[in-house]
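Peer 1: Sequence first, then the predicted structure:
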Amino acid sequence: MKAWRRTRLVYLKVLRLSDPPEKIALGAAIGVFMGILPTFGVGIILALILATVARANKAAAVLGSLVMNPLTTPFFWGLSVLIGSVLMGEDSHKILEKVRDEGLFRGFGRAYLVYTIGNLIVSVVFAGATYLFIRWAVTRHRRRKAARKTV
């Protein structure tokens, strides 16, 4: 229940940012992209840098990068291995077994390549979906807010 409340709080913070919806959505998408990539602790910094370069909302980028956390990491890593395995014609069970036994980054072998390809696709898809959803949600929130003011 606590995780749900935190997620809702982050969502409401994003809705209330003052930039145009496109800038907020771009910032959130950049954050999600950098959050899902295996950046090992520097995802927030990289999201801030990219948001600055892209002139996107930096607060949304930071909030978006929090998509990767101890609760969601197994989902994104597993999905990355699954998609990478399908695309590279590998058995995902064997890849996951190899990762469990040897580690993902040992020798940067086939398992790492499968994971990386899958992870890039997962990152792009979730970032794109985030952009569309956040732009829609911010626009909807502002319309409703404006409608309440006129009543």
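Peer 2: Good, I have the coordinates. Numbering: from 1, shown residues only.
Peer 1: Not counting residues beside it along the chain, what's closest to Leu132?
Peer 2: The shortest distance from Leu132 to any non-neighbouring residue, by Cβ to Cβ, 6 or more residues apart in numbering, is to Ala25 (7.5 Å). Where you see a C-beta, it was placed from the backbone N, CA and C, and this is true even at glycine.
Peer 1: repeat for Ala60
Peer 2: Per Cβ to Cβ, 6+ apart, closest to Ala60 is Gly27, 3.3 Å.
Peer 1: quick one: which helix or strand includes the one you found?
Peer 2: Secondary structure from DSSP states H and E places Gly27 in helix 21-36.
Peer 1: what's the next helix or strand after that helix packed up against?
Peer 2: Counting by DSSP H and E, the next helix or strand C-terminal to helix 21-36 is helix 43-54. Counting contacts by 3 or more Cβ pairs under 8 Å, 6 or more residues apart in numbering; DSSP states H and E, helix 43-54 is packed against helix 21-36, helix 58-65.
Peer 1: Can you say which of the ones you listed is nearest to Lys2?
Peer 2: Of all the helices and strands packed on helix 43-54, helix 58-65 sits nearest to Lys2, with 17.5 Å by Cβ to Cβ.
Peer 1: Which element is encountered next along the chain beyond the closest one?
Peer 2: Heading C-terminal from helix 58-65 (DSSP H and E), you reach helix 73-88.
Peer 1: relative to helix 21-36, how tilted is that next one?
Peer 2: 90 degrees (axes from the mean of the first three to the mean of the last three Cα atoms, to 10 degrees).
Peer 1: how close does the most centrally placed residue in the chain get to Ala56?
Peer 2: The centre of the chain sits closest to Val32, judged by Cα atoms, centre = their mean, with a distance of 2.3 Å. For Val32, the distance to Ala56 (Cβ to Cβ, to the nearest Å) stands at 12 Å.
Peer 1: Then Ile36?
Peer 2: 17 Å.
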